[in-house]
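>>> mind folding the following:
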Amino acid sequence: MNRIVSKQPPPSHVEGPWQGLPFAAATLSEEVGAELSFGVGDDGRLGHGDEEHQRTPKVIEALRGQCVVAIAGSGYGSLCTLHDGRMFGWGYGEDEMLGLQTTAHQLTPLEYPGLRVK
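So this is what the prediction gives:
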């Protein structure tokens, strides 16, 4: 199985021009089941179950052990796809913005019911 892996290692600390900016970032690690996120944690956009900011990359525990093949983060939320085609989303949820049929912020990855990517 092929994984989409960045050639660049994740930053070890957020500073410089990025420091204090509202963003989230996620990366596939080279180790299966160890996806990471860092940045501003407002609205659960990092997937760690809280709204804490992370200056250093931290494993998204809800995805530990899962075979994630694609992951993307934005200033509002994140999405990922597993090897079996299931998709998960988390982050800013007002106005059903995540498409998860909830108006609450989603602090950890939640599966999109009935959605499979091939």
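>>> show me what the longest strand along the chain is packed up against.
Across the chain, the longest stretch assigned as strand under DSSP state E is strand 106-116. When contacts are defined as 3 or more Cβ pairs under 8 Å, 6 or more residues apart in numbering; DSSP states H and E, strand 106-116 packs onto strand 77-82, strand 86-91. Every C-beta, even on glycine, is put in place using the N, C-alpha and C of the backbone.
>>> how distant is the first one from the center of its chain?
With Cα atoms, centre = their mean, to the nearest Å as the basis, the distance from the averaged C-alpha position of strand 77-82 to the chain average is 6 Å.
>>> parallel or antiparallel, list what pairs with that strand.
On the basis of DSSP bridges, the sheet neighbours of strand 77-82 come out as strand 68-73 (antiparallel), strand 86-91 (antiparallel).
>>> what comes up buried for the longest strand of the chain?
106-110, 112 (16 or more other Cβ atoms under 10 Å).
>>> and if you look at stretch 64-72?
66, 68-69, 71.
>>> and the pLDDT for the closest residue to residue 86 other than its chain neighbours?
Among residues not flanking residue 86 along the chain, residue 111 sits closest, at 5.7 Å (Cβ to Cβ, 6 or more residues apart in numbering). With respect to pLDDT, residue 111 has a value of 92.
>>> for residue 18, same thing?
Confidence score, pLDDT, at residue 18: 45.
>>> tell me the spacing between residue 35 and residue 53.
With distances taken as Cβ to Cβ, to the nearest Å, residue 35 is found 18 Å from residue 53.
>>> make that residue 65, sorry
Relative to residue 53, and taking Cβ to Cβ, residue 65 is found at 25 Å.
>>> give the contact list for the most centrally placed residue in the chain.
Most central in the chain under Cα atoms, centre = their mean is residue 78, positioned 4.4 Å from the mean C-alpha point. Taking Cβ atoms under 8 Å, 6 or more residues apart in numbering, we find residue 78 in contact with 24, 26, 37, 45-47, 71-72, 89-91, 109.
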